[in-house]
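J.: quick one, fold the following:
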Amino acid sequence: MPIEFTHVPGKTHPADSTAPFFYDFLETATKLSLIEDIGFQKIVVDDSAGLLTNMDIAARALDRTSTLEVVLTHWAGVIEPAVAARQLASLDAKSGGRLSLRMLSEPLNDDDAETRPVGHTIVWQRIDEYLVLLKRLWSNDRPFDHEGAFYSVKSGYVPRKGPHGADMTIRMGGQSGTALRVAGRHADIFELAPGSPGEVLQLMERVRSAAAEHGRAGKLRFALPVRIRSEDNAACRKAVEIAGPPAQIALSLLPYASLGIQEFMIVGVDRPREIAMAGRETIALLRNTLVRREADVPQPEAFASRVIRGAHTGKA
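T.: Residues are numbered from 1 along each chain as shown. Prediction:
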C-alpha cells in the first residue's frame, strides 16, 4: 500500500522563533521546492493569522509548486458559504486540482452566542450545514435558495467550478460522537489523534462505523500526525512523537502503517537540512521497507534487523 507524506509547517524563522513558516515567502519558496522534490506529496497551510491569510498563502504556494497538493485549513462561519465556494473553486481550478480542504472546528463568535447557545454540538451542526452547501455550490447547474439553521443562501451558484467539483478532498478530525458523525458524512481523509497503535485502531473503527451509516466506509482514508524530534531531545511526550535515527523512526511507524494508515503528517522538520534528511532517509527508508515487507512478509524480528542493517549500509 503506497504511503503519502504531508509536511506540516511549524515556526522556525531564524530571526524570530515564533514567526510562522510562511513569514518570508522568498525563503519559503526555496523550502517548498525542497519539500516537493524530496518526497512529500502535500503541505498544510494553517497560519495563525486566520482563514483569509491561509487562502492567500495557499494561492502563492500553488503558484510556486507544480505537483505538491496544498491542504488549506478552513473554518465554517468566517466567510459566507457562497463566497467561500467561489474562492475555493477558483483556487482549485488555477492549481489544476491540487487543493484540498481541511475543516477544523472552533467556537461560534459572540454574535452567534446572542441568538443561540454555544456548544460543541452546535459547532459541528454548523460545519455540517456549511459543507453541505459547499458541495451543492460546487456541483449545481442552476442557482438555488437555502434557508437553514445557520446559513441563508439566495440564488446560490458558482459559475466556474473547480476540476473536482463537489469531489474536492475534505479532511476532518475529532473524537467525540458528534464530530465523528459529521466526519462520517463528509470526510475523505480523517486525521487521527495521536495514540498507541491499539488506540489509533479503535478510533479508526469508530470512524468507519460512522461513515458506514452514509455508505462511505470504503471511501475513507486515514492520516496520522507524527512529530519527529531531534536525537538530542529524545524525551517523547506522546506515542506518535519520535526521536532517533531514520531506521528507528521508520520502525516506529511500521505498526501504524500496518493498521491501514495511508498518510503520515510530518511535524518538526522545518529547516532545509531537516527537510532533506526526512526525505532522503526517513521517508525513503519507510517506503522501501514497506515495499519489501509486502513482497516477502518476513518475521518481525528479521524485518527489524534488516531495516536497521540497511540504514547503516545505505541500502534501505
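J.: quick one: residues contacting residue 70.
T.: Neighbour list for residue 70: 42-43, 45, 58, 61-62, 95, 98-100 [criterion: C-beta atoms under 8 Å, 6 or more residues apart in numbering]. Every C-beta, even on glycine, is put in place using the N, C-alpha and C of the backbone.
J.: what's the closest of the residues you listed to residue 8?
T.: Residue 8 has its nearest neighbour among these in residue 43, at 7.9 Å by C-beta to C-beta.
J.: which SSE is that closest one in?
T.: strand 42-45 (DSSP states H and E).
J.: check residue 30 too.
T.: Assigned by DSSP H and E, residue 30 belongs to helix 25-38.
J.: cool, and residue 153?
T.: According to DSSP H and E, residue 153 maps onto strand 152-156.
J.: now the strands for the chain?
T.: For the chain, applying DSSP state E gives strands covering 4-8, 42-45, 69-75, 99-104, 144-147, 152-156, 170-173, 189-191, 221-229, 241-243, 263-267.
J.: before we move on, back to that, report the buried residues of the strand holding residue 43.
T.: For strand 42-45, a neighbour-count test (16 or more other C-beta atoms under 10 Å) marks 42-45 as buried.
J.: and for stretch 279-298?
T.: So for stretch 279-298, counting by 16+ other C-beta under 10 Å, buried means 279, 281-287, 289-290, 292-293.
J.: model confidence over it, on average?
T.: Across stretch 279-298, the average pLDDT comes to 81.
J.: what pairs with the strand holding residue 43, parallel or antiparallel?
T.: Paired strands of strand 42-45, with direction, are strand 4-8 (parallel), strand 69-75 (parallel) (DSSP bridges).
J.: so which of those gets nearest residue 86?
T.: Closest to residue 86 of the strands paired with strand 42-45, according to C-beta to C-beta: strand 69-75, at 13.9 Å.
J.: and the closest one with strand 99-104, angle?
T.: Per axes from the mean of the first three to the mean of the last three C-alpha atoms, to 10 degrees, the angle that strand 69-75 makes with strand 99-104 is 30 degrees.
J.: any idea how far strand 69-75 is from the chain center?
T.: Distance of strand 69-75 from the chain centroid (C-alpha atoms, centre = their mean, to the nearest Å) equals 8 Å.
J.: angle of it against strand 221-229?
T.: For strand 69-75 against strand 221-229, the angle by the same axes, to 10 degrees is 90 degrees.
J.: what are the boundaries of the helices in this structure?
T.: In the chain, the helices defined using DSSP state H lie at 25-38, 51-64, 81-95, 110-115, 120-139, 177-186, 197-212, 246-257, 272-277, 284-296, 300-313.
J.: to residue 150, which of these lies closest?
T.: Of the helices of the chain, nearest to residue 150 by C-beta to C-beta is helix 120-139, at 4.6 Å.
J.: what comes up buried for that closest one?
T.: Judged by neighbour count (16+ other C-beta under 10 Å), helix 120-139 contains these buried residues: 122-138.
J.: what packs against it?
T.: Helix 120-139 sits against helix 81-95, strand 99-104, strand 144-147, strand 152-156, helix 177-186, with contacts defined as 3 or more C-beta pairs under 8 Å, 6 or more residues apart in numbering; DSSP states H and E.
J.: 7 Å - rerun?
T.: With contacts taken as 3 or more C-beta pairs under 7 Å, 6 or more residues apart in numbering; DSSP states H and E, helix 120-139 sits against helix 81-95, helix 177-186.
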